[in-house]
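Asker: how does the following fold in three dimensions:
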Amino acid sequence: MEMPTVSKEMARLTELFAGTWRGEETLFPSEWDPVGGPATGTWTVRAAVDGFALLVDYDEERDGKLVYRGHGVHGWDAREGAFFAYWFDNVGVMQKAGNRATLDGDRYTYTELSDRGQSRFTYEWHEGVFTFAIDRSADGKDWKPMHHGRYRQI
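Answerer: Modelled structure (predicted):
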């Protein structure tokens, strides 16, 4: 058996995302946070399992206190010909399955369906800046911002 190699798709996502990123965020009023407000986010991203996956650790601070922590796993499934994204956090809702994701140029996106509607996650890199957005929709048509952040590598 020939040893598999990391796909060009996974290598590209790693090139874009690996490292530590820190920046300012805006949290919009939502069912999880009725008030919203500013926050600071830190993303620590590293390649794992010989480059076949990216491990993402995320911390969110508000008023100098850690208020949210998450862990993601992103990988390329060669059989499916697609990325899959998994997310776990200190809210305690366990994800039932991975979400199919796409990388189009420097923009990585996926949508998560739940009993509360849909969340669209958008990651984008441009000229040394990483932006991240979560937009929510009850019906998949009318989207409202929930979280927008802008980060620089540190």
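Asker: CA atoms for contacts and neighbours, from now on please.
Answerer: Will do.
Asker: would you mind listing the buried residues in the helix-or-strand element of the chain with minimal mean pLDDT?
Answerer: In the chain, no helix or strand scores lower on mean pLDDT, DSSP states H and E than strand 107-114, which sits at a mean of 93. For strand 107-114, the neighbour count (16 or more other C-alpha atoms under 10 Å) marks 107, 108, 109, 110, 111, 112 as buried.
Asker: show me which of those residues is closest to residue 7.
Answerer: residue 108 (15.9 Å; C-alpha to C-alpha).
Asker: dump the least confident helix or strand of the chain to CSV, restricted to CA.
Answerer: These are the backbone C-alpha positions of strand 107-114, laid out as CSV (Å, rounded to 0.1, in the frame of the first residue of the first chain):
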residue,chain,number,x,y,z
ARG,A,107,-12.6,32.0,1.6
TYR,A,108,-13.6,29.0,3.7
THR,A,109,-17.3,28.5,4.5
TYR,A,110,-19.8,26.0,5.9
THR,A,111,-23.3,26.0,7.2
GLU,A,112,-24.5,24.2,10.3
LEU,A,113,-28.2,23.1,10.7
SER,A,114,-29.7,22.7,14.1
